[in-house]
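Peer 1: Provided below for reference: sequence and predicted model.
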Amino acid sequence: MTTPAPDTDAILEFLFRLGQAQLACGEQTAQVELLLRRIASAYGMRRSRVVVFPTAVFVSLHDGTQERVTLAEGPTHRLRLDQIADVHALTQSAESADISARQGIERLSEILKKRARFGSAGSVVGHAILTLGLAMVLKPSLFNLLAAVVLGAIVGLLKLVNQNRPVLAVPTPVIAAALVSALVFLALKHGLPVDPTYVLVPPLVTFLPGAMLSLGMVELAYGDMVSGSSRLITGFVQLVLLAFGFAAGALLVGYAPNDLIEAAAKTEAFAWGSWGPWAAVFVFGLGVYVHFSAPQNSLWWVLLVVLAAFAAQRLATALLNSEVSGFFGMLVATPLGYLIQTKFRGPPAMVTFLPAFWLVVPGSLGLTSVTQLLSDRAAGIDGLVTVVFAITSIALGTLVGASLYKAVTEHFGWWRLQIGRVGSYVRRADRR
């Protein structure tokens, strides 16, 4: 039997590792399959087969003598925004075979080991800032804002302690929810003016699976039934686990599960001016930039996309209703992210519209609905139905936004081609 080419093993390893990294970036499985097949062709492997699921990557290569097959597990954790940008740059280099497969493997290892730009302290502070921004969007009282900052820092510290530990990936959200719930109801028990409606959710926003649920709907729309269904089920289970953590934390300090919704303290909200919501979104975007270690020179791009999505969502809420507002938010954020990437040479689209996802997706609404199931089953089920419609609207907004960008760029590309042809014809005629 003929020994395969020396670089076949390296190409095979590079492909499945890059597939794992793309999944960790939050990319669709169909898009990952397409990217890996393109890269295999760029490295001379014309007969490649790739199947990607959220939890597994299958790659088959034929080097002309025999077929090599590998199976790898899915990603164990999500990547930061700076790592997402690095993976995107590496993928572009691999698509044109500008680097060897072994160099790609070494580069991937460097990316995965890369430290956060703002360090451990920046990660904790950034989480407190984004929690404050979301609490400001909800318009709570001054004491609730202070409580949100403290709880956001505590959750950020908990995430820091448990990072890079796959074994603790599942229990960490439950522990965080129980800790936040216990502290909030303990403060309420001692007479402090905190309102669980405004304080429970903001510190846990990075655990809410809104993006996962929306991506699951997108993949179902593309026909990826296995990937889409698995993401939806995983997202719903994560909501249930967070609700369980809330209930456990309340029970630890002597409150019943129905107190999660009904034990709100009477607090006076700030009389925000017209600038209030925009300042809140700015603070949220800044917190996301620091906590998720966004790449250099991306802050203003991130803020632009987040503010644009928020503006579109607010306008749609005023004219229509909140359930469909997510459609218009992502209809603006998705093409704007691609436009910044391709036309203005900004950060990858995933870096700019992921924060918009975290602001637009109705993760907090879904968590409230699941929590209500503990005390009011009818209200909880009704809320979950509302969440399904909201998530569907966001998924459709993402699909339509991406299709709109593709159609517009192809249309203008066709016109540029025709103008170029006319110019060439005129120049040839002048020479004659």
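Peer 2: Perfect, I can see it now.

Peer 1: Lowest mean pLDDT among the helices and strands, pick that one out for the protein.
Peer 2: helix 363-372 (a mean of 55; mean pLDDT, DSSP states H and E).

Peer 1: Which residue would you name as the spatial centre of the protein?
Peer 2: For the chain, the residue whose C-alpha lies nearest the mean C-alpha position (C-alpha atoms, centre = their mean) is L354; its distance is 4.5 Å.

Peer 1: give the contact list for that one.
Peer 2: Contacts of L354 were listed using C-beta atoms under 8 Å, 6 or more residues apart in numbering, and they are 26, 81, 84, 211. The way it works is simple: take the backbone N, C-alpha and C, and place the C-beta from them, glycine included.

Peer 1: Number of residues surrounding the second one?
Peer 2: Okay, so that is L81. With neighbours defined by other C-beta atoms under 10 Å, the count for L81 comes to 26.

Peer 1: Next, the residue lying closest to A182 once chain neighbours are set aside: phi, psi?
Peer 2: With C-beta to C-beta, 6 or more residues apart in numbering as the criterion, A182 has its nearest non-adjacent residue at 3.8 Å, and that residue is G249. Dihedral angles phi and psi of G249 (degrees, to the nearest 10) take the values phi -60, psi -40.

Peer 1: is it true that Q341 touches T334?
Peer 2: No: look at Q341 against T334 with C-beta atoms under 8 Å: they stay out of range, at 11.3 Å.

Peer 1: Any idea how many residues pack against the closest residue to H62 other than its chain neighbours?
Peer 2: Leaving aside its sequence neighbours, H62 sits nearest to R47 (C-beta to C-beta, 6+ apart; 3.9 Å). Applying the criterion other C-beta under 10 Å, we find 12 residues in the vicinity of R47.

Peer 1: Kindly report the same for N321.
Peer 2: 11.

Peer 1: Return the per-residue confidence for it.
Peer 2: Listed pLDDT for N321 reads 73.

Peer 1: Please shift the residue numbers so they start at 53 in all later answers.
Peer 2: I'll keep to 53 as the first residue from here, and by that count the last item is N373.

Peer 1: From the contacts of L406, pick the one nearest F441.
Peer 2: Sorting the contacts of L406 by distance to F441 puts A263 at the head of the list, at 17.3 Å, by C-beta to C-beta.

Peer 1: What segments of the stretch 303-452 of the chain are strands?
Peer 2: When secondary structure is read from DSSP state E, counting those that start in this stretch, the stretch 303-452 of the chain shows no strands.

Peer 1: low-confidence ranges in it?
Peer 2: Applying pLDDT under 70 to the stretch 303-452 of the chain flags residues 309-325, 413-437.

Peer 1: at 80 what do you get?
Peer 2: Within the stretch 303-452 of the chain, the ranges that satisfy pLDDT under 80 run 307-328, 373-376, 410, 412-444, 447.

Peer 1: Below-threshold pLDDT in the stretch 103-252 of the chain: ranges please.
Peer 2: When residues are selected by pLDDT under 80, those of the stretch 103-252 of the chain lie in 115-118, 128-129, 190-192, 215-222, 247-250.

Peer 1: what's the neighbour count on the closest residue to P407 other than its chain neighbours?
Peer 2: Spatial nearest neighbour of P407, excluding adjacent residues (C-beta to C-beta, 6+ apart): V340 at 4.5 Å. The number of residues packed around V340, counting by other C-beta under 10 Å, is 28.

Peer 1: ok, V340 - contacts?
Peer 2: V340 makes contact with 133, 178, 182, 346, 354, 358, 407, 410 under the criterion C-beta under 8 Å, 6+ apart.

Peer 1: so what's the backbone phi/psi at the fourth one?
Peer 2: When read as degrees, to the nearest 10, the backbone of A346 gives phi -60, psi 150.

Peer 1: Relative to A299, how far out is it?
Peer 2: Separation of A346 from A299 (C-beta to C-beta, to the nearest Å): 35 Å.

Peer 1: State whether S100 is indeed within a strand.
Peer 2: Yes: assessed by DSSP: H, G, I helix; E, B strand; the rest coil, S100 belongs to a strand.

Peer 1: Could you report the distance from the residue nearest to Y274 when sequence neighbours are not counted to T450?
Peer 2: If the residues on either side of it in the chain are set aside, Y274 comes closest to A82, at 5.6 Å by C-beta to C-beta, 6+ apart. Computed with C-beta to C-beta, the distance linking A82 and T450 is 14 Å.

Peer 1: May I ask you to confirm that A124 is in contact with F105?
Peer 2: No: here A124 does not reach F105: they are 10.8 Å apart, not a contact under C-beta under 8 Å.

Peer 1: who does the host helix or strand of S172 touch, helix- and strand-wise?
Peer 2: When elements are defined using DSSP states H and E, S172 is found to belong to helix 171-189. With contacts defined as 3 or more C-beta pairs under 8 Å, 6 or more residues apart in numbering; DSSP states H and E, the packing partners of helix 171-189 are helix 194-213, helix 328-343.

Peer 1: can you redo those as TSV with distance to E271?
Peer 2: What follows is those, written out as TSV (distance: least, C-beta to C-beta, whole Å):
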stretch	distance to E271
helix 194-213	27
helix 328-343	24
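
Peer 1: ok, now which ones touch the closest residue to A401 other than its chain neighbours?
Peer 2: Leaving aside its sequence neighbours, A401 sits nearest to G389 (C-beta to C-beta, 6+ apart; 3.7 Å). For G389, the residues meeting the contact criterion (C-beta under 8 Å, 6+ apart) are 357, 401-402, 404-405, 408.

Peer 1: nearest to V333, of those residues?
Peer 2: Of all the contacts of G389, the one sitting nearest V333 is A408; the distance, using C-beta to C-beta, is 10.0 Å.

Peer 1: For the stretch 103-252 of the chain, which segments are assigned as helices?
Peer 2: With DSSP state H, counting those that start in this stretch applied, the stretch 103-252 of the chain shows helices at 133-147, 153-165, 171-189, 194-213, 223-241, 248-251, listed in chain order.
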